[in-house]
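Undergrad: just coords:
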């Protein structure tokens, strides 16, 4: 059914390999043995493609979370490396976008520009980059440092990292490669550009030894919801994924509209239009054929996390070990964003929750651990439609309580409901991730100058 | 036909995407337009698998060779990034090994350990790592440095890099992942080990967030033929690939035996046996159905490189611009290895050539550019058999004058000849690259200590 209605975008998010949840691997329906098995991921990405998702979105971290022993014994602490995984998946899919989470903190722009450009070529224009900063001391210690970078430095470096990477993608103008066997001309030297980037953070000469990606640049995605994160998003991101900001325990549709407008309004000062950036709040549907079944399934998910792991996770988010306090009393201190140097957006959500409700430590960790939106397919679709129509979302990054079943259910039950309502595609119209998302292909900075 | 004869190993080498040669892209039979097209590589790797090759071996560099303008206008200067390419190819193959060239000079061990471990998991034990050091100032300038590391430092870092990477692969003992949904035990904490590596070069705590690779460690390959390269190989490599050392313009079978014995003899001092390391000299067959056709085809390959590019390549190998001298006279200086800080093995070959023959600059660059071994399938097989039987090789890393046709010819014409002689497999017997090569699976260092 073709129609002129505005269409929502959908990302299929994999935070942990077994699902969104640190304990998803324990879910009775999860395929825990598949965590490093190619066929497990192949089934998932092909299912997402069958559901016409814009992209498969893969999260990442650069460490084993072993700050607490529960992180080793109870948490899912192994995961495939994103490029290796997504590149393999590109070979068994045709249309779906493939977004890799890559940290700007402990990487080199030349390597990352190259890998993303290669993925974009091999997938014929389906790559995306979820730009993150690394936030933990554990990660720092895997890369020759004792402590991770301060929040401001992290984002300063991230901004420069993106600049350098885009500059490297522009090394070759779109028509630079000539390949004339008769004359022996491989490339037009006047269409190859050296970046010559020099700052305290990076010195990168270029050019890149991969030609310009089919999409110009892979789609740039940003997840952070902190002040610095929002500015980075407004300056350069094309998709904002705000986990936990969608309907569910962390926010109302009014919260969603406020964040949506906050970010969209910032675009103008960077010379960008509102359509240049898509906002896809994250949420985790727990689907039942009836309300009762949905509630039962949510209860299963909420029960998966052992108490010790739940408390340790709260301690991690707070940067303060709370296992020493009575669980059935309130926190004996008020968490503050100022001077906090891990994920500010996670802490901000806790602060927001505590401002609105009085919760014991036990209630708080359980609430943080309970991120599902339970409902029938039509109830889930109702909420998505409300957020979409009222201007809180351009689409959603959908997370799954367990895999592959949570995705199977969404594709079989919710996607057809959205299609019936005319707010989600019946089939792909374009071939690249940019085309799926309705994003323009960026011009090459050097070609633009040359034709002025 | 099953037999008890010793079997040779074969690698299918891709130096440039269009073939071994800097000008292979110009070959009338090359598919130059495929350089960044997945289907081009898919055909090649599936052909190599049909030919029962042990591995597909992909070279790499981290820069555009633009020291001379001919490097941009005439040379093939773009190539896919190795992990992205090989991982995609793992999804369309079943048995063939996949070896990635990765520099230890401008990378972080944690990233590389993770990518190789992931590739090994996703390919069910088919990954290999060609360990190289970066050798040019152009590469240094893409990674925040003005000049590349001195030769000694490069190899010191390379040795430590391999140590750290192997330590990270041992993070999880083979049976550390428990995955007991009922008890909620994901992993056995006593079987997770932190590396805690600290030196001036690297500080890496670990553990790796990917479990132990199916092969224990991916197969370690080393290409360098310098003194430091040979020591690194003897200490840790499992395959030595010595380009240009096989039959052909650079060496005789006696040269091959001498190098073979030199490397094998070094193993004992590292507590290793002769079988722990396989020596696969590289060579480029130019196959004709008759001798005349082979000679004609070699002439086509030799004519592909324009004079300017040929002279500039010689200048590059020498670290000295020779385009200023008369091409039909000899070099006005004697090249010396001492103090030379690019590829010592390339320069050593030039020195060896000039000690044996008197050559003008033109003759020298043409000779360097003429690396093919022309012959009929049975002549090519004769030479391979001689090297193999006389103790100059455990097998070969085969390079192709143009792709995909050069590989097609080898698989269709030479492989059956080797099979008829009973010195190359009719089919794969194992499933992992280690099994193909007859290499043992390394024990985990921590498990070994625990069971003593």
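TA: Looks like it came in fine. As the structure is a computational prediction, the values presented were derived from the model and not from experiment.
Undergrad: centre of the chain to the longest helix seen in chain A, how far?
TA: Ranked by residue count, the top helix of chain A under DSSP state H comes out as helix A:151-169. Remark: helix A:151-169 is offset 17 Å from the chain centroid, using Cα atoms, centre = their mean, to the nearest Å.
Undergrad: swap in stretch A:440-450?
TA: 27 Å.
Undergrad: what does stretch A:28-42 give?
TA: For stretch A:28-42, the distance from its own C-alpha centre to the chain's C-alpha centre is 20 Å (Cα atoms, centre = their mean).
Undergrad: straight-line length of that stretch, end to end?
TA: Start and end residues of stretch A:28-42 are separated by 21 Å (Cα to Cα, to the nearest Å).
Undergrad: is chain B contacted by it?
TA: Yes: under the criterion of Cβ under 8 Å from any Cβ of the partner chain, chain B is reached by stretch A:28-42 at A:28, A:32, A:33, A:36, A:37, A:38, A:42. C-beta coordinates here come from the backbone N, C-alpha and C atoms, glycine included.
Undergrad: whichever of the residues you listed end up buried, select them in ChimeraX.
TA: The following ChimeraX line selects those of those that are buried, judged by 16 or more other Cβ atoms under 10 Å in any protein chain shown:
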select /A:32,36,37,38,42
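Undergrad: may I ask which two of the residues of stretch A:28-42 next to chain B are separated the most?
TA: Greatest spatial distance in the residues of stretch A:28-42 next to chain B: A:28 and A:38, 23.6 Å, computed using Cβ to Cβ.
Undergrad: one step back: contact partners of the helix or strand that the longest helix of chain A is followed by?
TA: Using DSSP states H and E, the helix or strand that directly follows helix A:151-169 along the chain is strand A:177-180. Strand A:177-180 has contacts (Cβ atoms under 8 Å, 6 or more residues apart in numbering or on different chains) with A:185, A:186, A:187, A:188, A:211, B:25, B:32, B:33, B:78.
Undergrad: closest to residue A:333 among those?
TA: residue A:211 (54.8 Å).
Undergrad: who's in contact with the closest residue to that closest one other than its chain neighbours?
TA: Excluding the flanking residues, the one nearest residue A:211 by Cβ to Cβ, 6 or more residues apart in numbering or on different chains is residue A:172, at 4.5 Å. Residues in contact with residue A:172 (Cβ under 8 Å, 6+ apart) are A:187, A:191, A:192, A:193, A:207, A:208, A:211, A:212, B:78.
Undergrad: give me the number of residues near the closest residue in space to the fourth one that isn't next to it in sequence?
TA: In other words, residue A:193. Leaving out its chain neighbours, the residue that sits closest to residue A:193 by Cβ to Cβ, 6+ apart is residue A:446, at 4.6 Å. By other Cβ atoms under 10 Å in any protein chain shown, 18 other residues sit near residue A:446.
Undergrad: low-scoring stretches of chain A, by residue?
TA: A:1-3, A:146-152, A:224, A:243-250, A:370, A:448-452 (pLDDT under 70).
Undergrad: give me that answer again for 80
TA: Counting by pLDDT under 80, chain A shows low-confidence ranges at A:1-4, A:145-152, A:224-226, A:242-251, A:341-345, A:369-371, A:448-452.
Undergrad: output the contacts of strand A:177-180 as JSON lines; include the columns distance to residue B:272.
TA: Compiled in JSON lines, the contacts of strand A:177-180 are given as follows (distance: Cβ to Cβ, whole Å):
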{"residue": "A:185", "distance to residue B:272": "49"}
{"residue": "A:186", "distance to residue B:272": "43"}
{"residue": "A:187", "distance to residue B:272": "45"}
{"residue": "A:188", "distance to residue B:272": "51"}
{"residue": "A:211", "distance to residue B:272": "43"}
{"residue": "B:25", "distance to residue B:272": "40"}
{"residue": "B:32", "distance to residue B:272": "43"}
{"residue": "B:33", "distance to residue B:272": "45"}
{"residue": "B:78", "distance to residue B:272": "39"}
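Undergrad: farthest pair in the residues you listed?
TA: The widest separation within the contacts of strand A:177-180 (Cβ to Cβ) is 16.1 Å, between A:188 and B:33.
Undergrad: what about the helices in the stretch 251-400 of chain A?
TA: Under the criterion DSSP state H, counting those that start in this stretch, the stretch 251-400 of chain A contains helices at A:253-266, A:291-302, A:307-318, A:344-356, A:361-369, A:377-389.
Undergrad: ok, back up a step: wasn't the residue nearest to residue A:193 part of a helix?
TA: Yes: when classified by DSSP: H, G, I helix; E, B strand; the rest coil, residue A:446 is found to be part of a helix.
Undergrad: looks like residue A:59 contacts residue A:99 (just checking).
TA: No: Residue A:59 is beyond contact range of residue A:99, at 9.6 Å (criterion: Cβ atoms under 8 Å).
Undergrad: for those two, indicate the residue with more neighbours.
TA: residue A:99 (29 against 21).
Undergrad: pretty sure that one belongs to a helix, no?
TA: No: counting by three-state DSSP, residue A:99 is not found in a helix; it is strand.
Undergrad: which residue sits closest to residue A:382, ignoring its sequence neighbours?
TA: residue A:375 (8.0 Å).
Undergrad: residues contacting the one you found?
TA: Per Cβ under 8 Å, 6+ apart, neighbours of residue A:375: A:285, A:286, A:287, A:288, A:291, A:294, A:382, A:383.
Undergrad: count of neighbours near the second one?
TA: When neighbours are defined as other Cβ under 10 Å, residue A:286 has 26 of them.
Undergrad: any idea what it is bridged to?
TA: residue A:374 (DSSP bridges).
Undergrad: could you measure from it over to residue A:349?
TA: Counting by Cβ to Cβ, to the nearest Å, the gap from residue A:286 to residue A:349 is 19 Å.
Undergrad: ok, residue A:421 - contacts?
TA: Counting by Cβ under 8 Å, 6+ apart, residue A:421 has contacts A:381, A:385.
Undergrad: please enumerate the helices of the stretch 1-150 of chain A.
TA: A:38-50, A:69-73, A:82-90, A:109-122, A:137-140.
Undergrad: my read: residue A:62 touches residue A:142, true?
TA: Yes: applying Cβ under 8 Å as the test, residue A:62 and residue A:142 come out as touching, 6.1 Å apart.
Undergrad: mutual contacts of the two, please.
TA: A:106, B:110.
Undergrad: those two: who's more crowded?
TA: Comparing residue A:62 with residue A:142 by other Cβ under 10 Å, the one with more neighbours is residue A:142, at 28 against 24.
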